Every structure is written in C-alpha cells, then in structure tokens.
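Asker: this is a predicted model, with the sequence first.
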Amino acid sequence: MDSNPDCHAYGETAYWDRRYNEERRKHGINHTFDWYLPCEELWPIIQTYCGVNKGFKVLVLGCGSSALCEVMYNMGFTQITGIDKSQVIIAHLQHRYQHQEGMEFLVMDATSMSRLDSNSIDLVIEKGCIDSLFCGTNSYNHVLTLNQEVCRVLKPGRVFISVSCGAENIRIPHFSHRTLHWEIDHANVPGRNGLHVYMLQKSEEEGLEINMMDTDFVGEEDVNREMGEDKQTTEKKFLNTQEKVRCQRGPPRPLLAYAAHR
C-alpha cells in the first residue's frame, strides 16, 4: 500500500486549496501558519550555513502560508522564491507581497522545477513538504524526484535544509539514493521531541550530473525492512509531530551554533 487511508490527503493539491481558503475565511487575509517550528527557531541553522551573506538565492519548497519567506526578507535576504502547487495560496501571496522587490511566489511542483536553472540556487529550505508527499500516492518516487530536482538546482557546495518528523532510519535511505550527490548531516531539533533537521550539502566535484531518468528504488517491502519501520508509522508521525523518536547519533559539528541558541 502506498499511502495511509486514515491520514489527511496532504499529498493532494485539492486538499491544500480547500484548507487555505478556509483559513483565510476564518482567520483573515494576513493569517500565517508554520508547520513544526517558526522561522525564528530555524534561523540559527540558516545563519550557520549562510553567515552574513544575505545575497544568497533562496528557494522555499511548499511555502504555503508560512511566514518563512517574509521573515527572511525582513532579515535582509533579497532573492527569495517560494513555490507551492496550490494556485490559491500563490495568488494570495503574490498579491500580499507585490511591493516586496526580490521576493517572488510561483505555482510550481517541487518534483518538477524545470523553470529553474541547474546550479542556480544557494539555499533550499523545506518544512514538512517531503513529509506531506509521504502521505500521498506513489510517494517514494515523488520524494526521490523532489530530491533529484533539489540536487540539480543547488549550486555546488550549497545546502538543502529539510525539517521533518521522519527519524534517521526513515529519511536517510531516501536522501542517499545513488543519483544524489551530497553529504548528509542530521540532528534532533532541540526542545522539540520527534522533530529532525537534515542538512544536505551538494558535492563540489566537477562533472557530476543528476540522472533524472534513474528513478529505480528498491522494493517498498525492502525499504520498510531496511528502515526498520513501516510507512504507515511514518505517516502517523506526520500527524503527531510531538511523538518522541530516539536517535543514536548526536548533532554534527555544523549544528553546534544552532544548539547553543536553544
């Protein structure tokens, strides 16, 4: 089975269109909502990789109604692109931020970013976008294609930051596909049980290409056995981000500055 019938249709665009319309009617046009944690808590790790370089080109996947793009813009970043499959939320964001030069919002599927050039983005961020794909159909292939697209558009040496409720043994096999040329760091998010952050730094080796035709993943049963946890459990964690997950590896060195702020 490829998706959990008991979970919301988080992988379906129609679900998000309805949700964003309902939220605007209930909370007003300036309503924002951030999955997992607000930008202020994510900022120290962003700063760890960006330093004081506010000239980075930033791409936010599945931006939704998050305040992340706005907060980063107010912190001095002037090249920010937010993408989402929902035309409803993108139309709203385009109107709301029409006077913020350098901040743009595009209707785009993160698994098909052909409008973005290869090796053109300095920093890619997602919070829950990958987790939502795991709640949809054909999820393994969709997640692989998203990761391949991110690896393609990232500049060599630059970083993809992924915030997820999926533990190491759940997510790292997906980040480790043979077509993905990056180094993987992981840490638990301090103070938030069951929440994880993955930092994927693209290789600087020249001549590496992403073979987008290679979507061959091992069988689902093999993946579940390799991960030691079935996919329905993964989806339940997406619905309950406070569930505690035990991880054996401590935070890598790049996260020391982040941990110090918590």
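Answerer: It's in. Quick caveat: nothing in here was measured; it's all calculated off a predicted structure.

Asker: would you list every one of the strands in the stretch 101-250 of the chain?
Answerer: 103-107, 121-127, 154-164, 182-188, 196-202 (DSSP state E, counting those that start in this stretch).

Asker: got the contact list for the third one?
Answerer: The reference is to strand 154-164. 36-37, 42, 45-46, 49, 119-128, 130-131, 150-151, 171, 175, 182, 189, 195-206 (Cβ atoms under 8 Å, 6 or more residues apart in numbering). Every residue, glycine included, has its C-beta placed from N, CA and C.

Asker: point out where the protein drops to low pLDDT.
Answerer: Counting by pLDDT under 70, the ranges of the chain that qualify are 1-8, 206-262.

Asker: ok so, going back, buried members of the contacts of strand 154-164 into ChimeraX, please.
Answerer: The buried subset of the contacts of strand 154-164, as determined by 16 or more other Cβ atoms under 10 Å, is captured in ChimeraX by this line:
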select :36,37,42,45,46,49,121,122,123,124,125,126,127,128,130,131,150,151,171,175,182,189,195,196,197,198,199,200,201,202
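
Asker: which one of the strands of the stretch 101-250 of the chain lies closest to D84?
Answerer: Evaluated over the strands of the stretch 101-250 of the chain, closeness to D84 peaks at strand 103-107, with 7.0 Å, by Cβ to Cβ.

Asker: what strands flank the closest one, and is each parallel or antiparallel?
Answerer: strand 80-84 (parallel) (DSSP bridges).

Asker: relative to strand 121-127, how tilted is the strand it pairs with?
Answerer: Between strand 80-84 and strand 121-127, the angle comes out at 40 degrees (axes from the mean of the first three to the mean of the last three Cα atoms, to 10 degrees).

Asker: so how far is strand 80-84 from its chain's centroid?
Answerer: 12 Å (Cα atoms, centre = their mean, to the nearest Å).

Asker: now tell me what touches it from outside.
Answerer: 16, 57-64, 68-69, 72-73, 90, 93, 102-108, 110, 113, 116.

Asker: which residue ranges of the stretch 51-200 of the chain form helices?
Answerer: 68-74, 87-96, 129-133, 139-153, 168-175 (DSSP state H, counting those that start in this stretch).

Asker: what is the last one packed up against?
Answerer: If contacts are counted by 3 or more Cβ pairs under 8 Å, 6 or more residues apart in numbering; DSSP states H and E, helix 168-175 sits against helix 139-153, strand 154-164, strand 182-188, strand 196-202, helix 220-227.

Asker: what comes up buried for that helix?
Answerer: E168, I170, R171, P173, H174, F175.

Asker: before we move on, back to that, export the helices and strands packed on helix 168-175 to CSV and tack on distance to T32?
Answerer: Conversion of those to CSV gives the following (distance: least, Cβ to Cβ, whole Å):
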stretch, distance to T32
helix 139-153, 24
strand 154-164, 16
strand 182-188, 25
strand 196-202, 21
helix 220-227, 33
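
Asker: so for R25, which of these sits nearest?
Answerer: strand 154-164 (28.0 Å).

Asker: quick check: angle from the closest one to strand 182-188?
Answerer: 30 degrees.

Asker: indicate which one of the strands of the stretch 101-250 of the chain is closest to I29.
Answerer: So among these, strand 103-107 is nearest, using Cβ to Cβ, at 14.8 Å.
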